[in-house]
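Q: The amino acid sequence is not available; the structure is as follows:
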């Protein structure tokens with residue numbers, strides 16, 4: 001039985017063309033009609049997922065088309081090298097299941113500091129804020145051991 005992998009483990013030792021399972025949240029998504037490009041994040045990083053119409057059931061493809069940012073998903077597919085993808089690899093989906101949907105994400109590219117602080121619980125999900133929190137956690141852990 002296959003288990004879910006973290007993005008870090010997939011990028012660290014990619015099993016090219018091997019079957020993988022991943023779960024996470026939608027970070028970014030775009031579509032060109034018959035192909036959906038979704039970037040998924042988990043606590044370890046981000047990975048691009050390519051969902052092609054005809055490679056999975058129509059209902060799952062329609063779900064990928066309509067899925068919004070911060071929806072939680074589970075994906076099964078094969079990992080392939082692609083220099084255009086973040087991290088240099090992508091997963092070509094054979095299964096795309098939405099575990100939980102989300103409402104419209106209130107934070108866009110340029111926002112006031114007041115709005116970001118009002119939505120702090122969402123803002124800390126950004127890559128920059130996650131990196132800041134990881135540095136703080138490392139510093140505090142080091143200070144506690146000294």
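A: Arrived safely. Note that the structure is a prediction, hence the values are computed from the model and not measured.

Q: What ranges does this structure have for its helices?
A: 7-12, 58-66, 113-118, 120-123, 127-145 (DSSP state H).

Q: out of these, nearest to residue 95?
A: The closest of those to residue 95 is helix 58-66. By CB to CB, the value is 6.5 Å. For every residue, glycine as well, the C-beta is placed using N, CA and C.

Q: roughly how far out does the closest one sit from the chain middle?
A: Put simply, helix 58-66 sits 17 Å off its chain's centre (CA atoms, centre = their mean, to the nearest Å).

Q: now do stretch 80-91
A: Stretch 80-91 has its C-alpha centroid displaced from the chain centroid by 13 Å (CA atoms, centre = their mean).

Q: how about that stretch: buried residues?
A: If you call a residue buried by 16 or more other CB atoms under 10 Å, then stretch 80-91 has these buried ones: 85-87, 89-91.

Q: List of residues touching it?
A: Stretch 80-91 is contacted by residues 7, 10-11, 14, 16-17, 20, 22, 39, 45-50, 75, 77-79, 92 when judged by CB atoms under 8 Å, 6 or more residues apart in numbering.

Q: Show me which of those residues are buried.
A: The neighbour count (16+ other CB under 10 Å) marks 7, 10-11, 14, 20, 22, 39, 45-50, 75, 77, 79, 92 as buried among the contacts of stretch 80-91.

Q: For this protein, which residues score under the pLDDT cut-off?
A: Filtered on pLDDT under 70, the chain yields the residue ranges 1, 102-113, 115-117, 119-127, 145-146.

Q: Am I right that residue 79 is in contact with residue 12?
A: No: at 11.7 Å, residue 79 does not count as touching residue 12 under the criterion of CB atoms under 8 Å.
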